[in-house]
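Asks: structural data only, the sequence is not supplied:
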């Protein structure tokens, strides 16, 4: 069989090209440390690798979201820490205001200082979030959430709580509404509140009270009215359930003409408290279910209380006002601490999710390595084999291409 020169050259160069392409592909695998250079190399593994890569990208985005959430929660925590310090400072000033040796000028100075604390608290409540909004405005981030008005502050935000997805099945709150932090404060002891009527002229001071029997609580409004009569004067009180005043027939009083002793506990329908001092004839004290009151309202009322005279019957009004303010400040502090506890819990959860996200990322990386990475020992051996084969083929082709009859014609 005859083989033409052109056929020999075509076959030789084609074989050399194939060997050189195989060597180049192996070199590319070694340089990239990838077994799959194109999807056609392994379609099943390529599809699986694409899915894992997408999952890894989503996991990386969750990590970025967690970092953003941590930054926002850190701002909230800082603002709440400032609020805690301000409330504690106001409580100290309230205790100082109850000192009976203070002159009206001293209490006026305390009132001025409390106005400063009120403005400081407003500034904290209007803290910006650093991205053009406000921490405590809910979804209404375009304007400051609070503004001072007569008797307190008005909330302009909403009840929205901004959330951020920090894991595949977890949306984490990254802010609190100003209403829940600064306005959602239960008055009194959290269940009921006690107060003295503004028109009292005696020296009776009522305590905040506690719950004697939770099962007996009705959540009604009660009026405790004092009567001073007789010779020598005898002080008695009558407790009326104001919530049932419209019933027909009219229900009897809860307690009628009970002898009064200063400081002795008064107990009825699940509540217990005491009244110290000497109430005057006609003086009235009230017991009502706790309500929600803004801390700004509490501070404004406290400032007004410090403007009361502290002599004669007005001393009792001052003491009652300070006691009420102290109870409401305690409730405000407990509310802020509860919100801070929630923020701390969220930050701790982010730490846990970060750890889980890092573990998941390691798993994705290992899976991609199994699908795409090269067996270096095997591939280096193959590379040297292909290189030797190519070199041998080149030498053989050179020798064959040099054969010619003209070399033997003398």
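Replies: Arrived safely. Values in this document were obtained by computation on a predicted structure and should not be read as measured data.

Asks: how does the protein divide into domains?
Replies: Domain ranges of the chain: 54-186+329-360, 192-290, per automatic domain parsing.

Asks: out of the ones you listed, nearest to residue 296?
Replies: domain 54-186+329-360 (3.7 Å; Cβ to Cβ). For glycine as for every other residue, the C-beta is placed from the backbone atoms N, C-alpha and C.

Asks: quick one: distance of that closest one to the chain centre.
Replies: 8 Å (Cα atoms, centre = their mean, to the nearest Å).

Asks: over to stretch 266-273?
Replies: 38 Å.

Asks: repeat that for stretch 206-226.
Replies: 35 Å.

Asks: and the gap between the residue most central in space within the chain and residue 64?
Replies: Closest residue to the average C-alpha location of the chain: residue 343 at 3.8 Å, with Cα atoms, centre = their mean. In this view, residue 343 and residue 64 are 20 Å apart by Cβ to Cβ, to the nearest Å.

Asks: which strands and helices sit next to the helix or strand in which residue 67 is found?
Replies: Counting by DSSP states H and E, the element that carries residue 67 is helix 43-97. Contacts defined by 3 or more Cβ pairs under 8 Å, 6 or more residues apart in numbering; DSSP states H and E place helix 43-97 against helix 104-125, strand 163-167, helix 295-306, helix 314-372.

Asks: residues of stretch 117-131 that come out buried?
Replies: 117, 118, 120, 121, 122, 124, 125, 126, 127, 129 (16 or more other Cβ atoms under 10 Å).

Asks: okay, now residue 387: neighbour count?
Replies: 14 (other Cβ atoms under 10 Å).

Asks: heads up, I number from 11, so please use that
Replies: Got it, first residue is 11 now, which makes that one residue 397.

Asks: pLDDT value on it, please?
Replies: Residue 397 carries a pLDDT score of 72 in this model.

Asks: correct me if wrong: residue 275 contacts residue 282.
Replies: Yes: at 5.5 Å, residue 275 counts as touching residue 282 under the criterion of Cβ atoms under 8 Å.

Asks: dump the residue contacts of the residue nearest to residue 370 when sequence neighbours are not counted.
Replies: Nearest residue to residue 370, sequence neighbours excluded (Cβ to Cβ, 6 or more residues apart in numbering): residue 69, at 5.5 Å. With contact set as Cβ atoms under 8 Å, 6 or more residues apart in numbering, residue 69 has these partners: 367, 370, 371, 374.

Asks: can you pull the contacts of residue 307?
Replies: Applying Cβ under 8 Å, 6+ apart, the residues near residue 307 are 161, 162, 163.

Asks: which of those residues fall within strands?
Replies: 162, 163 (DSSP state E).

Asks: buried members of the contacts of residue 307 into ChimeraX, please.
Replies: Remark: buried members of the contacts of residue 307, expressed as a ChimeraX selection using 16+ other Cβ under 10 Å:
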select :162,163
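
Asks: checking my notes, residue 277 in a strand, right?
Replies: Yes: remark: residue 277 belongs to a strand, assigned using DSSP: H, G, I helix; E, B strand; the rest coil.

Asks: got TSV for the contacts of residue 307, with pLDDT and distance to residue 145 too?
Replies: Below are these laid out as TSV (pLDDT from 0 to 100; distance: Cβ to Cβ, whole Å):
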residue	pLDDT	distance to residue 145
161	89	24
162	90	20
163	93	16
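
Asks: ok, the contacts of residue 307 vs residue 176, which is closest?
Replies: residue 163 (32.5 Å).

Asks: so who does residue 156 touch?
Replies: Contacts of residue 156 (Cβ under 8 Å, 6+ apart): 132, 135, 136, 146, 163, 164, 165, 166, 188, 192, 306.

Asks: err, residue 181, not the other one
Replies: 173, 174, 175.

Asks: so what's the last one closest to, chain neighbours aside?
Replies: When you say that, I think you mean residue 175. residue 181 (5.2 Å).

Asks: quick one: mean pLDDT for the helix or strand harbouring that neighbour?
Replies: Element membership for residue 181, per DSSP H and E: strand 180-183. Strand 180-183 comes out with an average pLDDT of 89.

Asks: so which of the helices and strands packed on helix 53-107 is nearest residue 219?
Replies: Nearest to residue 219, of the helices and strands packed on helix 53-107 and by Cβ to Cβ, is helix 324-382 at 9.5 Å.

Asks: helices or strands next to that closest one in the packing?
Replies: helix 53-107, strand 173-177, strand 180-183, strand 202-206, strand 215-216, helix 305-316.

Asks: any chance of these in CSV with distance to residue 113 as columns?
Replies: As requested, the helices and strands packed on helix 324-382 are exported to CSV (distance: least, Cβ to Cβ, whole Å):
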stretch, distance to residue 113
helix 53-107, 12
strand 173-177, 53
strand 180-183, 48
strand 202-206, 24
strand 215-216, 21
helix 305-316, 12
